[in-house]
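Peer 1: predicted model and sequence follow; I will ask about them next.
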2 protein chains.
Amino acid sequence: MHGLMQDRPLSLPMLMDGMEHRFSRKHVTTTQPDGTVSASYGEVAGRVRRLAGVLDALDVPAGARVGSFGWNSQRHLELYMAVPCTGRVLHTINHRLFTEDLAYIVDDAADDVLFVDRSILDVVRPLLDTCPSVRHLIVMDDGSPAEPSADPRVHDYESLLAAARPVEAFEPVAERTAAALCYTSGTTGRPKGVLYDHRSIVLHAMTLLMADTFAISEGDTVMPIVPMFHVNAWGLPYAALMAGADLVMPGPVMASDRLVSTMAEHRVTFAAAVATVWRGMVPHLDGADLGALRHMVSGGGALPESLSRVFLEKTGLPLRSSWGMTETSPLVCSARISSEEAATLSEDDRVTALAAPGPPTMLCSLRLVAEDGSLAPRDGEHRGELQVAGPTVAAGYYGAHPQPSAFTEDGWLRTGDVATIDRHGVVRIVDRTKDLIKSGGEWISSVELENAIMAMPGVLEAAVIAVPDDKWGERPLACVVPLPDARLTAEDVRAHLAGRVAKWWIPERVVMRDGLPKTASGKFAKAALRQSMAAGTL
Amino acid sequence: MHGLMQDRPLSLPMLMDGMEHRFSRKHVTTTQPDGTVSASYGEVAGRVRRLAGVLDALDVPAGARVGSFGWNSQRHLELYMAVPCTGRVLHTINHRLFTEDLAYIVDDAADDVLFVDRSILDVVRPLLDTCPSVRHLIVMDDGSPAEPSADPRVHDYESLLAAARPVEAFEPVAERTAAALCYTSGTTGRPKGVLYDHRSIVLHAMTLLMADTFAISEGDTVMPIVPMFHVNAWGLPYAALMAGADLVMPGPVMASDRLVSTMAEHRVTFAAAVATVWRGMVPHLDGADLGALRHMVSGGGALPESLSRVFLEKTGLPLRSSWGMTETSPLVCSARISSEEAATLSEDDRVTALAAPGPPTMLCSLRLVAEDGSLAPRDGEHRGELQVAGPTVAAGYYGAHPQPSAFTEDGWLRTGDVATIDRHGVVRIVDRTKDLIKSGGEWISSVELENAIMAMPGVLEAAVIAVPDDKWGERPLACVVPLPDARLTAEDVRAHLAGRVAKWWIPERVVMRDGLPKTASGKFAKAALRQSMAAGTL
């Protein structure tokens, strides 16, 4: 028997009502090299309707992909709304990828038009000639010097907006309609596209507003430091619009000291970034007034406890871990302490607890699958591959490519992460399946080794990879970056590890380096490290 | 273009995962005359699987209606889960209705089996003979004296559970499948059934967890005082299970003093009831330790500011208003103060602000329709009929009856309430359309008059209705119940109103009474007052 409730889709036009009525006086503020710009949500909503008119005027068909190359900004926010609200698909692209990957991604998505921040234009302009699907390039002024273009396919965002006829009413959008496209960073093989729908984006934003997730509220000032090309900035722009929270967008002003001063100046209450970006801010925390902050999320990779302790000491708040993937919208887990633990944990233990990814949101089902295919128990001890299901989780990849083995036969996503789950549902990532080190038939966790090394005084960063070993099969190799003034030897590192990890985990090979390669999204580029190792340059 | 996210339904079996894993050690506690019983969610989940087996053993078909007559209790919670999770429909029924209405409702729903608390059995047993659809009656022990039955159609809940084979895996339930049925209290015409689906119940519960709605969290202890037969206890049982919050169920122990002591004893943090029930608690607040409370919701009718001030004085917290209907799941609006207002409002003004229904949840769209059919502006001044749309709002009524004019041609629900909406989205109910008083061509708000009278020292309750008047068309009549020791005359009431409302609003007719008739859900029974008036007994 069918229920008799209204058939109203979960779709992004729902957010327009709040922007235009309840929250019309809330603001999005964007930092640019030439100053700060701010606009009310009422003004942004008006520009979203004009931008929708621009897409019509450019004859962008329904369902077409609209590529964006941009920093976090008000204009990028306008694209986040106008493109999906008119039935098109916003394809956000990481401009830091190699040129070859950029061309591949734009071709694979068959982007119809591209929007680009002026400071990124040099990277993107060649695509007009190499990617046949691209008909127009629209340039957004982000404060970098202007350079006129005679190419008739190149337009100015503000000129188009000024000339546009605003779309007064958005047609209803069915909730399974595609809304956004984001490619995985492609650590294995070619980048693969994940195609979000309106339903998954709205449901994901709803979970970010929940008390035990991020509790994003109308009273918040949300600063997504994580880029808007990185899995929809973890859904934070949509969550802020849904809640009516103010937004602070760092624009191209991404230097660590400026991120700290932007948070202080705008009384940011909620911020999110990857661990390496948080780490970069550490030298600038002293003297900064970050008293408005209530919640800092670290994601996109393991959160070293030691880093979180530095934040606790300098800001009064620890960082909170989270876990997700491009394929999961992305949020699956966010760190929190259960009421049972809250009653007993010391402050020290709380920092440890909040450095684990935490329990899943109510939309995601988790399971741990052992090597023999059986389900591992949720006792905080047994390990297994973490698999995820839910309406915010991908069922496959975009395009006609052969689908990789990322999905099980019963439709769950295989995350490639090895994890434990405890009785409170708290997930702890032990390792990437491919980053685990199998030594003498036993597993060594590269993540645990890295955390142990990064907790050592004088260490800035550390990455551990597996190297072939005649006797043991594989052995760990640690690449360690000392702090500028620290005098640190490989022997010091091994001495530090003694007693902190099992004796047979201690790497014979410890390499001291000035820096570590990072991926375009700021994670340690272990694939590059392995290549250097194989090439004998490590 | 379709998105490529997993096709996972929003359905109640999602909640089982939390009950059995993350929150298995959280508790539901039920107050009974013979003591307090408590069970962990892990235990409750096991009993839900057994209860599902009972429904199978009784051959209750898929889609069949399972009637429940019960207080708020653990067993009623088990029905809330087992019935919809197995594709049947839980039909909660208010046993305080007239016998004739009960028989009408059970017949109209064609209930297949009935579950009944033993203390209510006398009211329900006759339905076995008068309602041909009912095959079984299952009696739940709520601490009232047992009375054996020789009728083979009458069963004992615990005996059936003990003998049942638990259902290990619930089949997937499509999200538009009917889950619950509730009849409107029927102030006009016959009661009408509202048929909720899994999707609407899950989405509604998600909104209750949001920071700016009720922010229900794992750390909460939630006490739904509002009955589980009254629009799913406003969705609180499902919200608590979703968040993993503890539940405190008052069972049949509904005396005002016991409600207060139950809240104190179990350190309740969140409670919800209709205004008349909150009012009843006032004499018992002195000396009660309610320090754990963080949020008290009043709904089901206007919240008099004066009542909220009493709670602020005695507990440190004002009551917070909310607004909804059986047709809206029910929550549409919940009182909150915007960050802009929070910066300027005095504590006194905050109490006033929180006595208004407040802004809508993100799932509900609102509009105000003026008498001429035009949309009234959202300026806090213009009035219109409040109309609602959204996935948690009914599209029609259950059954083959002619559909009343409660829905507009474009599918919005006509609420019958006259309201204003301000620039923060805050709804203020001016009156029921049928309770407005048209005097000399101008509207008088019975709600505003009632609030003005109830703010007078010495007044317990007041209700205002329209009476025919030769000169003015209609005039207000006020029925006033003084506090036990207060000496109050009609002239005192009129003197109090002078200067507080427009002169022509002051009722010539003020009747002092010992009490007021209430509906089965605790609201003032204005229909009954009008009948008394017409019959000359007022």
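Peer 2: All right, it came through fine.

Peer 1: contacting residues around residue A:11?
Peer 2: A:172-175, A:177, A:179, A:198-199, A:202 (CB atoms under 8 Å, 6 or more residues apart in numbering or on different chains). Yep, even glycine has a C-beta here, placed from its N, CA and C like the rest.

Peer 1: ah, wrong one, I meant residue A:515
Peer 2: Per CB under 8 Å, 6+ apart, neighbours of residue A:515: A:461, A:481.

Peer 1: switch to 7 Å and redo it
Peer 2: By CB atoms under 7 Å, 6 or more residues apart in numbering or on different chains, residue A:515 lies in contact with residue A:481.

Peer 1: so it is in which element?
Peer 2: Using DSSP states H and E, residue A:515 falls within no helix or strand.

Peer 1: check residue A:150 too.
Peer 2: Under the criterion of DSSP H and E, residue A:150 resides outside all helices and strands.

Peer 1: can you check the one 5 residues further on too?
Peer 2: Using DSSP H and E, residue A:155 falls within strand A:154-156.

Peer 1: got the contacts of residue A:11 as a markdown table, with neighbour count and secondary structure columns?
Peer 2: Converted to a markdown table, the contacts of residue A:11 look like this (neighbours: other CB atoms under 10 Å in any protein chain shown; DSSP: H, G, I helix; E, B strand; the rest coil):
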| residue | neighbour count | secondary structure |
| --- | --- | --- |
| A:172 | 12 | coil |
| A:173 | 22 | coil |
| A:174 | 13 | coil |
| A:175 | 21 | coil |
| A:177 | 22 | strand |
| A:179 | 29 | strand |
| A:198 | 26 | helix |
| A:199 | 22 | helix |
| A:202 | 24 | helix |
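
Peer 1: lowest-confidence one in those residues?
Peer 2: Within these, pLDDT reaches its minimum at residue A:172, with 91.

Peer 1: residue contacts, that residue?
Peer 2: residue A:9.

Peer 1: equivalent analysis for residue A:113, please.
Peer 2: A:58, A:60, A:66, A:134-136, A:138.

Peer 1: buried subset of those?
Peer 2: A:58, A:60, A:66, A:134, A:136, A:138 (16 or more other CB atoms under 10 Å in any protein chain shown).

Peer 1: wait, which of the residues you listed is closest to residue B:428?
Peer 2: Nearest to residue B:428 among these is residue A:66, at 41.6 Å by CB to CB.

Peer 1: for the strand holding residue A:155, packing partners?
Peer 2: Judged by 3 or more CB pairs under 7 Å, 6 or more residues apart in numbering or on different chains; DSSP states H and E, the packing partners of strand A:154-156 are strand A:136-140.

Peer 1: can you redo the contacts of residue A:113 as a markdown table with distance to residue B:479 and pLDDT?
Peer 2: Converted to a markdown table, those look like this (distance: CB to CB, whole Å; pLDDT from 0 to 100):
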| residue | distance to residue B:479 | pLDDT |
| --- | --- | --- |
| A:58 | 66 | 98 |
| A:60 | 64 | 98 |
| A:66 | 63 | 98 |
| A:134 | 74 | 98 |
| A:135 | 72 | 97 |
| A:136 | 70 | 97 |
| A:138 | 67 | 98 |
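
Peer 1: could you dump those residues to JSON lines with distance to chain B?
Peer 2: Listed next are the contacts of residue A:113 as JSON lines, based on distance: CB to the nearest CB, whole Å:
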{"residue": "A:58", "distance to chain B": "18"}
{"residue": "A:60", "distance to chain B": "13"}
{"residue": "A:66", "distance to chain B": "12"}
{"residue": "A:134", "distance to chain B": "18"}
{"residue": "A:135", "distance to chain B": "18"}
{"residue": "A:136", "distance to chain B": "20"}
{"residue": "A:138", "distance to chain B": "21"}
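
Peer 1: outline the domain layout of chain A.
Peer 2: For chain A, the structural domains run A:19-254, A:365-432, A:437-534, going by automatic domain parsing.

Peer 1: need these in JSON lines (columns: distance to residue B:474).
Peer 2: What follows is the domains of chain A, written out as JSON lines (distance: least, CB to CB, whole Å):
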{"stretch": "domain A:19-254", "distance to residue B:474": "34"}
{"stretch": "domain A:365-432", "distance to residue B:474": "52"}
{"stretch": "domain A:437-534", "distance to residue B:474": "68"}
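
Peer 1: please identify the most buried of the ones you listed.
Peer 2: Scoring the domains of chain A by mean neighbour count under mean count of other CB atoms under 10 Å in any protein chain shown gives domain A:19-254 as the most buried, with a mean of 21.

Peer 1: returning to that earlier point: for residue B:423, find the nearest of the domains of chain A.
Peer 2: domain A:19-254 (7.4 Å).
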